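Engineer: what shape does this take:
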Amino acid sequence: MSIYVGNLSYEVTQEDLSEVFSDYGTVKRVHIPTDRETGRVRGFAFVEMDSESEEAAAIEKLDGAEWMDREMKVNKAKPRESRGSFNGGGGRKTGGFGKRF
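Structural biologist: Numbers count the residues shown, from 1 in each chain. Model prediction:
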């Protein structure tokens, strides 16, 4: 299981999150996605802990808590959904990349 942490400051680091979540157990992994083009933190992260009971305790205590001047959203991470094809897979065929022939 993994924990989703949303509404984070754009200044947050893996060390910051590890420190906060370590109050509730052993933190195995912290992943902070960044924007591909700018490299900027996207405002959310995923935290994995040693056990589900530790994750449940962290979720219960940290969801809605104010940290770094923001109210964190903390819950179980949902499985990643597949995104389909490049152009959404629907609609009229245009010969690729939007060109009409």
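
Engineer: hang on, residue 23 in a strand?
Structural biologist: No: assessed with DSSP: H, G, I helix; E, B strand; the rest coil, residue 23 is helix; it does not lie in a strand.

Engineer: now do it against residue 38, distance only.
Structural biologist: Per C-beta to C-beta, to the nearest Å, residue 23 is found 32 Å from residue 38. Yep, even glycine has a C-beta here, placed from its N, CA and C like the rest.

Engineer: show me where this structure has its strands.
Structural biologist: Assigned by DSSP state E, the chain shows strands spanning 3-6, 27-31, 44-49, 66-67, 70-71, 73-76.

Engineer: closest to residue 13 out of these?
Structural biologist: Among the strands of the chain, the nearest to residue 13 by C-beta to C-beta is strand 27-31 (8.9 Å).

Engineer: kindly provide the whole-number mean pLDDT of the closest one.
Structural biologist: Averaging pLDDT along strand 27-31 gives 97.

Engineer: try stretch 46-62
Structural biologist: For stretch 46-62, the mean pLDDT works out to 97.

Engineer: which residues touch it?
Structural biologist: Outside stretch 46-62, the residues that touch it by C-beta atoms under 8 Å, 6 or more residues apart in numbering are 1-5, 17, 20-21, 23-31, 72, 74-77.
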